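Undergrad: Predicted model, plus sequence, below.
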Protein chains: 2
Amino acid sequence: MARRTKQEADETREALLNAAERVFLKRGVARASLDEVARVAGCTRGAVHWHFGDKLGLFLALDERLFLFQDELRQALMADGECMKLSRFAEVILVCIARLEHDEGRRRLLTVMWQRCEYVDEMAPALERRRRADVAISDVFRQCFEQAMERGELAPYWQPSQAALFLHALMVGFLTEWLRSDAAFSLSDQVRGGLKMFFSCLSGIPPSNAQPTVFATA
Amino acid sequence: MARRTKQEADETREALLNAAERVFLKRGVARASLDEVARVAGCTRGAVHWHFGDKLGLFLALDERLFLFQDELRQALMADGECMKLSRFAEVILVCIARLEHDEGRRRLLTVMWQRCEYVDEMAPALERRRRADVAISDVFRQCFEQAMERGELAPYWQPSQAALFLHALMVGFLTEWLRSDAAFSLSDQVRGGLKMFFSCLSGIPPSNAQPTVFATA
DNA sequence: TTATATACATACCGCCACGTATATATTCAA
DNA sequence: TTGAATATATACGTGGCGGTATGTATATAA
């Protein structure tokens, strides 16, 4: 019941975060009790308060996980300040989406943060993170589209910034519907189809249904 | 303190709903107290319990308002089972969006239902309404695109159902970003631009920037 | 006019969950 | 070996909030 080894303590911490993920998902962040979180993790509220201070601390620690995922996408899209070609760009997004779809933990986490949390008062710091992550992703999108425009990959009537906002809204929309439907449809399929249409519009080249690869290599 | 007239009772009811709208927005549905709602409305919890039974009843009554708004859009899009041309279609959506943007009450309501509520356990009925409304809207979209396809207004590579899901995701995404940003940008402008690109892609006709009206009359 | 239903206000009760304080058992460093 | 820091469990106090029960004044119908 007391400090075993440092590693075991870390395992307790992880167990608590995993438990919080599930309990927040089931009860909602506001209605979830720390006691239930602790019991699901196989310990008591003492451990929660030791590791996270209070409920907000626990929530923010959990939120950190989502932040890491988002950053992962951002880095994948812009490995070294250099943007990839549009065709490759779409593929990277799809890989991230597919990973999300097949990782129950990520889905739980995203559901908690998007659908089971009332961003108000003390939750404000998390909302700020969300906003910054949104801006960061949109910025990466925009930079990629700007470089694509310079390379002549963009149909002339598209503005890079507008394309970025458009794409971002599209992704947020698909994700929101997917989470709301309780993953009732194949997210990958939806997004694949959506991206296909979007990118072909972007490039001004009609999509080729015959082609085996997902995107025309514009 | 007691039954004045029937009309005054209805006014109390409306005042309570308006208060709930604001208090739920500020505190989140779960953390909001009925006492604060009542005080904001200028009465006590007695009135709340009389009119709505309990907290869930109050919430569902408020939710009804949003449902009405959504139905308004649905009816506007398909007045008499007949769908309009795509160009007009986009305009109707924009009118609804503009109305939402300039109606603080509607924005509050939508924010509460989309960003200040944890849909869990007893909130399930509201989530069901949300899902049904989503399906209903998507269905209207799909029907319109089907008829558009029959009229030859759709580029051949678009499937009506896919176009409907695409459009729906796009709208949900724009709205979500707008609400999350606390209405920091012009929703109408964003959506106008987005719809313009989307519908020109749909019809396979590049958008004409020179034209004064928003959409090419395809 | 009076009884009854209505439209609230007030009072009371009970729970629950959070935070804190404290106890306790290990580990680790000296 | 021992003290201090660590990693929990347990115990305690308490504030808030929701539901219900009840009080009460007014409208309305008979």
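TA: Yep, it's here.

Undergrad: Tell me how many other residues crowd A:Leu16.
TA: By other Cβ atoms under 10 Å in any protein chain shown, 25 other residues sit near A:Leu16. For glycine as for every other residue, the C-beta is placed from the backbone atoms N, C-alpha and C.

Undergrad: Touching, it and A:Gly57? I think so.
TA: No: the pair A:Leu16 / A:Gly57 is not scored as a contact, 10.9 Å apart, by Cβ atoms under 8 Å.

Undergrad: Flag the shaky bits of chain A, pLDDT-wise.
TA: Low-confidence segments of chain A (pLDDT under 70): A:1-4, A:80-81, A:206-218.

Undergrad: Okay, A:Lys55 and A:His49: tell me how far apart.
TA: Distance check for A:Lys55 against A:His49: by Cβ to Cβ, to the nearest Å, it reads 9 Å.

Undergrad: what comes up buried for stretch A:33-43?
TA: Buried residues in stretch A:33-43, counted by 16 or more other Cβ atoms under 10 Å in any protein chain shown: A:Leu34, A:Glu36, A:Val37, A:Ala38, A:Val40, A:Ala41, A:Cys43.

Undergrad: How about stretch A:176-195?
TA: Buried residues in stretch A:176-195 (16+ other Cβ under 10 Å): A:176-180, A:187-188, A:190-195.

Undergrad: Please identify which pair of the buried residues of stretch A:33-43 lies farthest apart.
TA: A:Glu36 and A:Cys43 (11.9 Å; Cβ to Cβ).

Undergrad: Give the buried residues for stretch A:97-112.
TA: Within stretch A:97-112, the residues that count as buried by 16+ other Cβ under 10 Å are A:Ile97, A:Leu100, A:Glu101, A:Arg106, A:Arg107, A:Arg108, A:Leu109, A:Leu110, A:Thr111, A:Val112.

Undergrad: which residue ranges form the strands in chain A?
TA: Counting by DSSP state E, chain A has no strands to list.

Undergrad: Can you pull the domain assignment for it?
TA: If you go by automatic domain parsing, the domain ranges for chain A are A:1-53, A:63-203.

Undergrad: when you scan the longest one, is anything in it near chain B?
TA: The one in question is domain A:63-203. Yes: shown here: domain A:63-203 in contact with chain B (Cβ under 8 Å from any Cβ of the partner chain) through A:115-121, A:127, A:130-131, A:134, A:155, A:157-158, A:162, A:165-166, A:168-174, A:176-177, A:180-181, A:190, A:193-194, A:197, A:200-201.

Undergrad: filter the residues you listed to the buried ones?
TA: Among these, those scoring as buried are A:115-120, A:127, A:130-131, A:134, A:155, A:158, A:162, A:165-166, A:168-174, A:176-177, A:180, A:190, A:193-194, A:197, A:200-201 (criterion: 16+ other Cβ under 10 Å).

Undergrad: residue contacts, A:Tyr119?
TA: A:Tyr119 makes contacts with A:Ala126, A:Leu127, A:Arg130, B:Gly28, B:Gln115, B:Arg116, as judged by Cβ atoms under 8 Å, 6 or more residues apart in numbering or on different chains.

Undergrad: Determine which residue lies closest to the centroid of chain A.
TA: A:Gln70 (5.0 Å; Cα atoms, centre = their mean).

Undergrad: The closest residue to it other than its chain neighbours: what's it in contact with?
TA: Spatial nearest neighbour of A:Gln70, excluding adjacent residues (Cβ to Cβ, 6 or more residues apart in numbering or on different chains): A:Ala133 at 4.5 Å. Neighbour list for A:Ala133: A:Phe67, A:Gln70, A:Asp71 [criterion: Cβ under 8 Å, 6+ apart].

Undergrad: What about the closest residue to A:Glu146 other than its chain neighbours, how many residues nearby?
TA: Excluding its sequence neighbours, the residue lying closest to A:Glu146 (Cβ to Cβ, 6+ apart) is A:Pro160, at 4.4 Å. The number of residues packed near A:Pro160 is 18, by other Cβ under 10 Å.

Undergrad: gap between A:Pro160 and chain B?
TA: Distance, A:Pro160 to chain B, by Cβ to the nearest Cβ, to the nearest Å: 13 Å.
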